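S.K.: A predicted structure for the sequence below; I have some questions about it.
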Protein chains: 4
Amino acid sequence: MRMNESERWSDKPEESCGVVGIAGVQAAASYVWYALQALQHRGQESAGIATVKGDDMVVAKGMGLVSEAISLSRVRGISGDMAIGHVRYSTVGASSLENAQPLSGKYLRGSLALAHNGQLLNTDAIRRKMMLEGALFQAQTDSEVLTHLLARPGFGSIEEAMAQAMTELKGSYSLVALDMDRIVAARDPYGNKPLCLGAFKGGWAVASESCVLDVLDARWIRDVEPGEIVTLTPSGIRSVQGVKAERLALCAFEYVYFARPDSVIDGVSVMESRNRMGRILYEEYPVDADVVIPVPDSGIAGALGYAHASGISFDMGLVKNRFVGRTFIKPSQAERLQAVQLKLSVCGSSVEGKKVVLVDDSIVRGTTSRQLIRMVRAHGAKEVHLMVASPPVSYPCYYGIDTASSSELIAATHTRKAIREFIDADSVCHLSLTGLRKSIGESVGVCAACFDGSYPLGFKE
Amino acid sequence: MRMNESERWSDKPEESCGVVGIAGVQAAASYVWYALQALQHRGQESAGIATVKGDDMVVAKGMGLVSEAISLSRVRGISGDMAIGHVRYSTVGASSLENAQPLSGKYLRGSLALAHNGQLLNTDAIRRKMMLEGALFQAQTDSEVLTHLLARPGFGSIEEAMAQAMTELKGSYSLVALDMDRIVAARDPYGNKPLCLGAFKGGWAVASESCVLDVLDARWIRDVEPGEIVTLTPSGIRSVQGVKAERLALCAFEYVYFARPDSVIDGVSVMESRNRMGRILYEEYPVDADVVIPVPDSGIAGALGYAHASGISFDMGLVKNRFVGRTFIKPSQAERLQAVQLKLSVCGSSVEGKKVVLVDDSIVRGTTSRQLIRMVRAHGAKEVHLMVASPPVSYPCYYGIDTASSSELIAATHTRKAIREFIDADSVCHLSLTGLRKSIGESVGVCAACFDGSYPLGFKE
Amino acid sequence: MRMNESERWSDKPEESCGVVGIAGVQAAASYVWYALQALQHRGQESAGIATVKGDDMVVAKGMGLVSEAISLSRVRGISGDMAIGHVRYSTVGASSLENAQPLSGKYLRGSLALAHNGQLLNTDAIRRKMMLEGALFQAQTDSEVLTHLLARPGFGSIEEAMAQAMTELKGSYSLVALDMDRIVAARDPYGNKPLCLGAFKGGWAVASESCVLDVLDARWIRDVEPGEIVTLTPSGIRSVQGVKAERLALCAFEYVYFARPDSVIDGVSVMESRNRMGRILYEEYPVDADVVIPVPDSGIAGALGYAHASGISFDMGLVKNRFVGRTFIKPSQAERLQAVQLKLSVCGSSVEGKKVVLVDDSIVRGTTSRQLIRMVRAHGAKEVHLMVASPPVSYPCYYGIDTASSSELIAATHTRKAIREFIDADSVCHLSLTGLRKSIGESVGVCAACFDGSYPLGFKE
Amino acid sequence: MRMNESERWSDKPEESCGVVGIAGVQAAASYVWYALQALQHRGQESAGIATVKGDDMVVAKGMGLVSEAISLSRVRGISGDMAIGHVRYSTVGASSLENAQPLSGKYLRGSLALAHNGQLLNTDAIRRKMMLEGALFQAQTDSEVLTHLLARPGFGSIEEAMAQAMTELKGSYSLVALDMDRIVAARDPYGNKPLCLGAFKGGWAVASESCVLDVLDARWIRDVEPGEIVTLTPSGIRSVQGVKAERLALCAFEYVYFARPDSVIDGVSVMESRNRMGRILYEEYPVDADVVIPVPDSGIAGALGYAHASGISFDMGLVKNRFVGRTFIKPSQAERLQAVQLKLSVCGSSVEGKKVVLVDDSIVRGTTSRQLIRMVRAHGAKEVHLMVASPPVSYPCYYGIDTASSSELIAATHTRKAIREFIDADSVCHLSLTGLRKSIGESVGVCAACFDGSYPLGFKE
């Protein structure tokens, strides 16, 4: 809820995390290391791995990209046939190693570690109640409450503790916990965050996205069901329904922007859904133009859809400087303009004298779009139409996505006409919510709260 | 001449360097900092900036990306209205700060600094001769000899010293030198490396590629001519012919792979030339297929050309993990396979059950291609045809490009049939040299030594 | 219990920690920072500070010396009129930030932090019991159990919780805890670790040693009594007897080696006690010699005492290289000898042709002594007598001191004659235990377990 | 010439450098690494080693202590039977790796490297002349000019080039140069900086101080003579007189403060000379007192001399915090006082109710002395007499010592009475220059310019 242009490079929402768990292969930690690489787009602030063998649990965490946070040579040296991992999203400033996951602790049955993607809504009350019984917490985070819930006495196993916790918890979560002898993965009853299951070489994997499975040469089995608990051990997997499933409310932004295009989530190919968003966008807003140009990289699939549907020529008229990014320091006010230009350049020959359709997956504050359109016009474009392959983001997310605050959301503060004037496009068109649902398909119920203000999982208590 | 798959991530040739010089704006060093960002693709090993004001020359250099090597806040603090900069290519191992440029020194007329892109061929003899006169060198590099040549007594100005040096030098060079009161830029008589000139806000810029000018909001003026010396001062530019121009022999790989697509070199748009390489590739090798897929990012323009020419549908069926790369540690033999998979993933829906045309800009050793084709087949492609938008690389480069040694060049050691078998494609087709020349256009003479073994600038002495 | 010559530079026992608490001055954290400097000799592995103001508790910890671990400029920026601090001893290898103190957590009444010097003996059982009630621990340390004990519900204040904890705990502890509104300091019923109280500028301080008070320009008040709990707030101090005091059993090694000579512990000046050790050592073992030479720095006071008592001339014949030490890497077997020589050198003119008395405060393994004597002989000494100003260390410590294991203690494995032969001295004499007690004085009961095997606080449960 | 109290911890002059050269042992570089440890007191800013084997010269340099600047494991891996080394003194601020020595370069006969202790006075003119012949310098230092002089053509060997250079040079230098096949060591005609020669295990060593030889288990041979050139090769040493010797003018401060007490310089034991300074100080200024206390560490030898001569009891009443120092950050004005207290503490029992003689080796600005006396009085001393074992420092040094500027030298700006009042001592007495000369002995001619303003080597040209 705190992104603003002066702190962020990206004018996009930010995902919270990615999780993974692997059981049944020797040196499972090094497999997790590779798996986290494939989830890196879900978080670049910190990365962590926990692994167990016999009586010992080892947790390695660090700041930055997986490859910076955790030395592969160190990970290679850790044997053990079960491990879990986590990547956390990148913020500027208040990030710290203490918030890196997996969280871990020692409890009745040994050690446990936990990796969480999502946002819990009622942990304040639970934390208060546990403190009255003498609990000592390290931080104020919702995820830490989960570790205490799993450590509670009176359960025969961690699955039982998890099932009980799920009846008490409210909010979104896909999580993976590691105990001395098993990995337990669970998805909230609305399935708000993705989580899928795979098998390979006699081992088992659970991960936020199916793109992980490809890196492991693993075979996709299925998605974890809403409310389900899946237990992975070196010798196999088993499943129980931890809590009654509600209607599926997967975060729609997974298809729009977060997930990698090669992932398949709840049965739908992300790439294909994005293609359809572009196609339907053309159906909703056919424009007469000479060229369709994506804002790379996230606008490419939608732009291809728009181009195919319209028959208009597709071109990579915007070039991305792949070296600018994470290490770039915060630009001064005067250098802001240059900053966007450093990141994206216009290929003059692609736009000069042409009517251009620019396709982006989403816009949040509109400032980057405005600058891009200015640049495209400066290279001689006759017209510039901005096609956005998702509906306007008008409401904040309470389920773990870091969008701008309402006062910064251009769609919440400007009329459609005012938006067009602000970014100085010949036209600005958003995909309709109906069009978005159609692109994703009937089979997948989505949470579209940021588009329509309807919050299926409720609010913070 | 020393790349091999075990040390490099990229199965591509590597460029030596990028250079830039800016005169006439306050805080010229910070402009150079931004300009180097736009040349970052030409070298990631080290970066450096030299700037001068009054009697003082300041040189800031460091390892890694520009943003890692040189703190912008430090650069902002340096006033001075002339500055030059350099980025050096990335190698594993023997790289060191001592080799970072600009090289600098104190001589008769104050301080000088020099940034060089290219490879000199006769510096051993020159160095030997200067040592006999008492010269003391810091290193064994060809570029350092240039600084000594410029420091020689008996010349009224640095242009005169440069003109004299150019009559003695052999080899490729685009270089930018900074003196106490001027910047001198020169291009070798064959124009083997690119160098262009721009103007902005009462200031002047010279840079390896025109994409720099966009970042500076500068206006492109023209390319520096082969053998020309251009002098930039805060009050204007002037030009002399330092040495008689030979026929233009610009490195063809600038169009094929090195240069950024939004650059225009010697009058030809890099993006458009790559598009034409794809079109002509289709004319030379028309394949009946369902989808054209580029190997990102360098194969995109060629693939679009092939798709447009053929009418076959274009799709981004390979997804690049933009976080894997520079910081990744050298994988063990067993992890090599996984390494390619981490970097590139196949989007199953794009290839399943289809006849696929895969377009890459070039192949050097073939190992990456082989792995990609294996991955595409694993996702259910019926056929995979590899279209390479440049001729086979069969000869080493002596002019500053780090290709594999001859024994590693697949085109030098394998027949066309053996290549196809090695990478296990249904067909492998290279653009012809004639097709390449046609794509670039008649107006630009190119050095195609790595393709045809004909070396216009001669050999090392 | 794990020191050995290959890992350590020092052939001395190692202290566990130093603690400090300050209340009543603005920016109390920066006072603690200075105070920790004065306790630096008690631990160089890590340092930490916790401070509180209003609702907020801030904890800053780091590895290494205080000045490396915690930036003074950061500490200066933290307001708040109460703070505590901790330094931890230096080990090679398994040290880590997670073990750095103060430990902290959030509990019923806000946040708490704790700094502990000593070793608890029955925390395994307490931890087990608390786990059965759902407690989640971060580590396996005895100190963490203390934080959980203080967080238990059912007490009106942290003093009450502390008093209850003290009735359950066994072992040695001088500890300082910080709550939202007070600092609570406690000393175990045997007073095994030192802890003293001071006042300054309307503020109050509690610290392991009185040398801290000098740095703060504070006035010494008294030592904390065995079993006492002292509460410090900005408005004053108060005291309760937390648990009945047993007979005082202060660690004798505080006088022999650990404490700084300018400290006064339980009423006895450390410097004077060491002087007396040297005097009595002469009474017990009068040697006819030409010069008395200390092994610097810890042997100086004893050597002065020996010289004064005997009338033999005192000289600094061994010179310490003050730069060798912490940053020095582990020497290879072949380089071990050189290593001692790097650290200590012989001043030839002080020993040549002379009968030398070498005075050290203690010897553990004897390897350093052997090497020193070899060096002194090489510079021409006629005789070398090693006088050790403490009894032979023959038993391990269970109360927080890291001596060598029994198998490494030369006094535990060698006869007096064999020791003399091993280190090749003309004579080797240890102060008697009676002499040690006399040096310290009747007023202070000491734990001499490492000398006589009698363990007043009992054993680990 | 730029030390001031706000930047420095030490109120002492600072030495420039230490040099060492070793020939004839395998892995000579690792011997040099150990030797530099023994010279660490002569410079802590940077350290460097150059070694040669066959055609290859390797130079390793870094900032900080030897053990921080150069990894021993790296040095161990370098074979080669000749090596030289250098340590450079510590300044705050403008220090940088570029100024670290050995300086090196490639010239006619291969590579050369050079380590220099001292200060040249006429290099501006020499540099200018060489630039007119085309020389290119890296920096503005006097030492770099030496490397160019050695690289000049027309000499049969580096000794010849050195001999010629010595006829042209003016100023102070003890230097060690490494060529492809020999080490050449030279001392200026006044012998202003120390340099001695040793032999060990079939190898040879040259070093700034004889304490190096002990660490190497080497045997002292003799000092290098003023104006002498000594050549070391693996097979032996030889000597020529490079330039006619002038009268010996060794820096007197070597005995007073710089050199390690266990060194013997030009035939005189440093420790013994300091003892004599204390004795003669008592003869010149007998005080009736109860205790003699040194300011550690540099005042110890003088204090022992004073105590022995007077029969007054000696005590270590000031305790040094050995952990405070290099890493300590610059204290704010308000914290200055505390800073001295952190570094040195008073042992109350040593001074309470006593008449105290405080002995320091030298005072420069007087600020530290003032603070110490305040502290000693605060612990109850009845009288405090400051005895300084060297004459007042009243003049700047032009030969490589960094004293305060004249305006900061208390002896240059205050009368004796005013000094006493400023530091608030009952008396302040300096050793007379005659007394100093007597302490050092007739055999050694010294440069006492900082005491008497008479500059034997002349001034900067």
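M.R.: On my side now, so go ahead. Numbering: from 1, shown residues only, chains lettered A, B, ... in the order given.

S.K.: mind checking how far residue A:57 is from residue B:25?
M.R.: Residue A:57 sits 58 Å away from residue B:25 when distances are taken as CB to CB, to the nearest Å. From N, CA and C alone the C-beta is placed, and that goes for glycine too.

S.K.: So between those two, which is more surrounded?
M.R.: Higher neighbour count among residue A:57 and residue B:25: residue A:57, with 23 against 20, using other CB atoms under 10 Å in any protein chain shown.

S.K.: Next up, the contacts around that one.
M.R.: Applying CB atoms under 8 Å, 6 or more residues apart in numbering or on different chains to residue A:57 gives the contacts A:50-51, A:104, A:110-113, A:178, A:180.

S.K.: Just the buried residues of those.
M.R.: Buried residues within those, counting neighbours by 16 or more other CB atoms under 10 Å in any protein chain shown: A:50-51, A:104, A:111-113, A:178, A:180.

S.K.: Using JSON lines, lay out those residues together with pLDDT.
M.R.: Shown next, in JSON lines, are the buried ones among the contacts of residue A:57 (pLDDT from 0 to 100):
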{"residue": "A:50", "pLDDT": "97"}
{"residue": "A:51", "pLDDT": "97"}
{"residue": "A:104", "pLDDT": "95"}
{"residue": "A:111", "pLDDT": "96"}
{"residue": "A:112", "pLDDT": "96"}
{"residue": "A:113", "pLDDT": "98"}
{"residue": "A:178", "pLDDT": "98"}
{"residue": "A:180", "pLDDT": "95"}
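
S.K.: rewinding a little: out of the contacts of residue A:57, which is nearest to chain D?
M.R.: Minimum distance to chain D across the contacts of residue A:57 is 29.6 Å, recorded for residue A:51 (CB to the nearest CB).

S.K.: Make sure I have this right: the closest one is in a helix.
M.R.: No. Going by DSSP: H, G, I helix; E, B strand; the rest coil, the assignment for residue A:51 is strand, not a helix.

S.K.: quick one: it from residue B:190, how far?
M.R.: Counting by CB to CB, the gap from residue A:51 to residue B:190 is 58 Å.

S.K.: May I see the buried residues of stretch A:310-319?
M.R.: A:310, A:312, A:314-319.

S.K.: Inside strands: which ones of these?
M.R.: A:314, A:318-319 (DSSP state E).

S.K.: so which of those residues are also by chain C?
M.R.: For chain C, no contacts are drawn from those by CB under 8 Å from any CB of the partner chain.

S.K.: what stretches of the stretch 251-400 of chain A score poorly on pLDDT?
M.R.: When residues are selected by pLDDT under 70, those of the stretch 251-400 of chain A lie in A:325-339.

S.K.: how about the helices in it?
M.R.: Here the stretch 251-400 of chain A has its helices, by DSSP state H, counting those that start in this stretch, at A:253, A:270-284, A:300-310, A:336-343, A:348-351, A:367-378.

S.K.: element containing the residue of the stretch 1-150 of chain A found nearest chain D?
M.R.: Nearest residue of the stretch 1-150 of chain A to chain D (CB to the nearest CB) works out as residue A:73 at 16.9 Å. Residue A:73 belongs to helix A:72-76 when elements are defined using DSSP states H and E.

S.K.: Just confirm yes or no for that helix near chain C.
M.R.: No. Helix A:72-76 is not in contact with chain C by CB under 8 Å from any CB; minimum separation 13.4 Å.

S.K.: Skipping adjacent residues, who's closest to residue A:235 in space?
M.R.: residue A:24 (7.4 Å; CB to CB, 6 or more residues apart in numbering or on different chains).

S.K.: so who does the one you found touch?
M.R.: If you count contacts by CB under 8 Å, 6+ apart, residue A:24 has them with A:81-82, A:201-204, A:232-235.

S.K.: Now do residue A:283 against chain B, distance only.
M.R.: 19 Å (CB to the nearest CB, to the nearest Å).

S.K.: List phi and psi for residue A:366.
M.R.: phi 90, psi -10 (degrees, to the nearest 10).

S.K.: Was I right to think it contacts residue A:412?
M.R.: No. At 11.3 Å, residue A:366 does not count as touching residue A:412 under the criterion of CB atoms under 8 Å.

S.K.: If you count surrounding residues, which of those two has more?
M.R.: residue A:366 (22 against 16).

S.K.: so residue A:301 touches residue A:269, yeah?
M.R.: No. Counting by CB under 8 Å, residue A:301 stays clear of residue A:269, with 10.2 Å between them.

S.K.: Look at those two and report which has more neighbours.
M.R.: More neighbours surround residue A:301 than the other of residue A:301 and residue A:269, with 28 against 22 (other CB under 10 Å).

S.K.: Around the closest residue to the more buried one other than its chain neighbours, how many other residues sit close by?
M.R.: Nearest non-adjacent residue to residue A:301, counting by CB to CB, 6+ apart: residue A:274, 3.5 Å away. Residues lying near residue A:274 (other CB under 10 Å) number 29.

S.K.: Contacts for stretch A:409-426, please.
M.R.: With CB under 8 Å, 6+ apart as the test, stretch A:409-426 has contacts from A:358, A:363-366, A:369-370, A:373-374, A:377, A:383-386, A:392-396, A:403, A:406-407, A:427-428, A:430.

S.K.: And the residue of the stretch 151-300 of chain A that's closest to chain D?
M.R.: Closest residue of the stretch 151-300 of chain A to chain D, CB to the nearest CB: residue A:215 (35.5 Å).

S.K.: for the residue nearest to that residue when sequence neighbours are not counted, what are its contacts?
M.R.: Nearest non-adjacent residue to residue A:215, counting by CB to CB, 6+ apart: residue A:38, 4.5 Å away. Residues in contact with residue A:38 (CB under 8 Å, 6+ apart) are A:209, A:211-212, A:214-215, A:260, B:321, B:342, B:345.

S.K.: residues contacting residue A:347?
M.R.: Shown in contact with residue A:347 (CB under 8 Å, 6+ apart): A:315-319, B:261-262, B:269, B:271.

S.K.: how long is stretch A:117-130 end to end?
M.R.: Start and end residues of stretch A:117-130 are separated by 23 Å (CA to CA, to the nearest Å).

S.K.: Can you mark which positions in that stretch are buried?
M.R.: For stretch A:117-130, using 16+ other CB under 10 Å, the buried residues are A:117-123, A:126-127, A:130.

S.K.: can you tell me how far the residue in chain A sticking out farthest from the centre sits from residue D:269?
M.R.: The C-alpha centroid of chain A is most remote from residue A:353, which lies 38.4 Å away (CA atoms, centre = their mean). Going from residue A:353 to residue D:269 by CB to CB gives 90 Å.

S.K.: what does residue A:378 give?
M.R.: When distance is defined by CB to CB, residue A:378 is 80 Å away from residue D:269.

S.K.: That concludes my questions; thank you for your assistance.
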